[in-house]
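Asks: Here you go, sequence then predicted model.
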Amino acid sequence: MSDRTSDRAGDIATVTKLVEEFLAEYPPDTTDDRELRGARYDAGLAFLHFDKGFGGLGMDSSLTTLAERMFLDAGCVDWNSRNVIGLGMAAATLHTHGTDEQRAKYLRPLFTGEEIWCQLFSEPGAGSDLAGLATRAIPDGENYIVNGQKIWTSLGHIARRGLLVARTDPEQPKHRGLTYFVLDMTLPGVDVRALRQLTGQAEFNEVYLTDVAVPAADMLGKVGDGWRVAMTTLMNERVAIGRRGGGRNYGPIRYALDAYEEAAAEGRADPTDRDRLMSLWAKVEAARLTNLRASEQAGKKAPGPEGSIAKLQFAELNKAVMEFAVDMHGDDAMLIDDYTFSRPDHSSGTGGQPDPRKAYLRSLANSIEGGTSEIMRNILGERVLGLPGEPRTDRDLPWKDVPRS
């Protein structure tokens, strides 16, 4: 056995022992969830790859995945969809770019679920071209006065904190004049409005910012450093979205397996359906394993292009899997009884809904949110395959001189 293999085996044994001892002291069935998560953070078992004192133990990022699976298997509450922005994107951004004071202020309540987070990036005129955003932040003493509009803000209606990118210098080219802030969603001037989806749900929102005074102390990174900080968020977002499918035979593919078994039992499935299902299952499993590798790159450095692969695969496969599940329901798939308006307290981005027909409708957004499939293909073409990039005529123009619709 090599020294590296031996060291990893030792780390796994150490984490396993720490988690088992923790669960013995805080049994999930008799311990309040928030108390358990707070104690877990204090023990360094929240984000094992983070620094000591900030929810981690400075270990390899893959060990965080191991610990999380052990806690879930023991019956702990799964917060991954309840605070998907916080756990999947904000935590890594705060740990990478935040000061010790900011990390101490935000990371613990983020992990316990006391504070839900949202992402304030996209705008009506700046979706795929995030660097073209127009929301302005103007310095005013110890604050920045922010005005603008954000859109497609998941969980904005229940979020206490938001990840905000705003333009601080319109004289600079679009990528250079951005600054990144943590926004307190309870500040005066923050107006959250529901966006109703095909399913009747409104997990998305549009957010209007009118003369919002954001403390300069809530800036992440430096003035004009917003694009670099945002890249950390976006790369972790793609990994987070890609891994939403969960473990083997979990998530959307579970819908497909159950639908096929029901159809086969009723004599409505044929060998071509079985072949189609097995092809989808193999692709989903390959994507799951690819994302495990991408997750291991997360942590103290930005994830690599594996995150874009995982996100692209998730989006396209999720739509195909849910389409298969709907097909297996036959004529009943054409009817949905209830489109009642609701504002959920979690993200249903994986199609995590009891009705597979609604899950299919929700899956149609997967190829848009978190970076469109077209953008993911551009990233992979340029950064992995080394293909020529698309012409970018506005790269060095001041933002104020860039034509906008």
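Replies: Perfect, thanks for sending it.
Asks: would you list every one of the strands in the stretch 1-150 of the chain?
Replies: For the stretch 1-150 of the chain, strands defined by DSSP state E, counting those that start in this stretch occupy the ranges 117-120, 136-140, 143-150.
Asks: so the second one versus strand 143-150, what angle?
Replies: Here strand 136-140 points in a direction 170 degrees away from that of strand 143-150 (axes from the mean of the first three to the mean of the last three C-alpha atoms, to 10 degrees).
Asks: Can you report the mean pLDDT over the residues of strand 136-140?
Replies: In this model, strand 136-140 has a mean pLDDT of 98.
Asks: Only alpha carbons, please: show it as PDB.
Replies: Extracted C-alpha coordinates of strand 136-140, given in PDB (Å, rounded to 0.1, in the frame of the first residue of the first chain):
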ATOM      1  CA  ARG A 136     -25.400  50.200  -9.500                       C
ATOM      2  CA  ALA A 137     -23.700  50.500  -6.200                       C
ATOM      3  CA  ILE A 138     -22.500  54.100  -5.400                       C
ATOM      4  CA  PRO A 139     -20.300  54.700  -2.300                       C
ATOM      5  CA  ASP A 140     -21.900  56.900   0.300                       C
END
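Asks: Does anything pack onto that strand? Which helices or strands?
Replies: Counting contacts by 3 or more C-beta pairs under 8 Å, 6 or more residues apart in numbering; DSSP states H and E, strand 136-140 is packed against strand 143-150, strand 161-167. Heads up, the C-betas are built off the backbone N, CA and C, glycines and all.
Asks: Flag every buried residue along it.
Replies: Within strand 136-140, the residues that count as buried by 16 or more other C-beta atoms under 10 Å are 136, 137.
Asks: Which residues does that strand contact?
Replies: 144-148, 166-168, 170, 179, 181, 213-214, 216 (C-beta atoms under 8 Å, 6 or more residues apart in numbering).
Asks: among the residues you listed, which two are most distant?
Replies: 170 and 213 (20.1 Å; C-beta to C-beta).
Asks: Run through the residues that contact residue 334.
Replies: Contact analysis of residue 334 by C-beta under 8 Å, 6+ apart lists nothing.
Asks: ok, now with 10 Å
Replies: Residues near residue 334 by C-beta atoms under 10 Å, 6 or more residues apart in numbering: 326, 357.
Asks: Make residue 1 into 540 and carry on from there
Replies: Okay, residue one is now 540; in that scheme the one you just asked about reads as residue 873.
Asks: Could you report the distance from residue 855 to residue 897?
Replies: To residue 897, residue 855 is 20 Å away according to C-beta to C-beta, to the nearest Å.
Asks: Specify the local secondary structure of residue 745.
Replies: strand (DSSP: H, G, I helix; E, B strand; the rest coil).
Asks: Buried among the contacts of strand 675-679? Need that as a selection in PyMOL.
Replies: Of the contacts of strand 675-679, the buried ones can be selected in PyMOL as follows, counting by 16+ other C-beta under 10 Å:
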select buried, resi 683+684+685+686+687+705+706+707+718+720+753
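Asks: and which of the contacts of strand 675-679 is nearest residue 886?
Replies: Nearest member of the contacts of strand 675-679 to residue 886, counting by C-beta to C-beta, is residue 720, at 22.4 Å.
Asks: The closest one contacts residue 752, correct?
Replies: No: if you go by C-beta atoms under 10 Å, residue 720 and residue 752 don't touch, sitting 11.3 Å apart.
Asks: Now do the shared contacts for those two.
Replies: 683, 685.
Asks: what ranges do the helices span in the stretch 840-944 of the chain?
Replies: For the stretch 840-944 of the chain, the helices defined by DSSP state H, counting those that start in this stretch cover 845-866, 895-902, 912-922.
Asks: sorry, back to before: between residue 855 and residue 897, which one's more packed in?
Replies: residue 897 (21 against 17; other C-beta atoms under 10 Å).
Asks: ok, that one - contacts?
Replies: 736, 737, 738, 739, 740, 861, 875, 877, 878, 887, 890.
Asks: Next: residue 554.
Replies: Residue 554 is in contact with 584, 587, 596, 598, 599, 601, 602, 603, 605, 606, 609, counting by C-beta under 10 Å, 6+ apart.
Asks: just residue 756 next, same as before
Replies: 638, 640, 641, 644, 681, 682, 720, 721.
Asks: Residue 908: which of the strands of the stretch 540-689 of the chain is closest?
Replies: For these, proximity to residue 908 was assessed by C-beta to C-beta; strand 656-659 is nearest, at 10.1 Å.
Asks: Please flag which of the contacts of residue 756 sit within helices.
Replies: Mapping those onto helices (DSSP state H) picks out 640, 641, 644.
Asks: Please report how far the first one lies from residue 765.
Replies: According to C-beta to C-beta, residue 640 and residue 765 sit 20 Å apart.
Asks: do residue 598 as well
Replies: The value you get for residue 598 to residue 765, if C-beta to C-beta is used, is 30 Å.
Asks: ditto for residue 755
Replies: On the measure of C-beta to C-beta, residue 755 and residue 765 end up 14 Å apart.
Asks: cool, and residue 733?
Replies: Taken as C-beta to C-beta, the span from residue 733 to residue 765 is 27 Å.
Asks: swap in residue 641?
Replies: 15 Å.
Asks: Let me see the domain layout of the protein.
Replies: Following automatic domain parsing, one finds the domains of the chain at 542-651, 656-767, 769-922.
Asks: Mind putting these into JSON lines with distance to residue 936?
Replies: Shown next, in JSON lines, are the domains of the chain (distance: least, C-beta to C-beta, whole Å):
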{"stretch": "domain 542-651", "distance to residue 936": "27"}
{"stretch": "domain 656-767", "distance to residue 936": "6"}
{"stretch": "domain 769-922", "distance to residue 936": "20"}
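Asks: ok, of the contacts of residue 897, which one's closest to residue 570?
Replies: After measuring these against residue 570 - C-beta to C-beta - the closest member comes out as residue 887, at 27.7 Å.
Asks: Perfect, that will be all.
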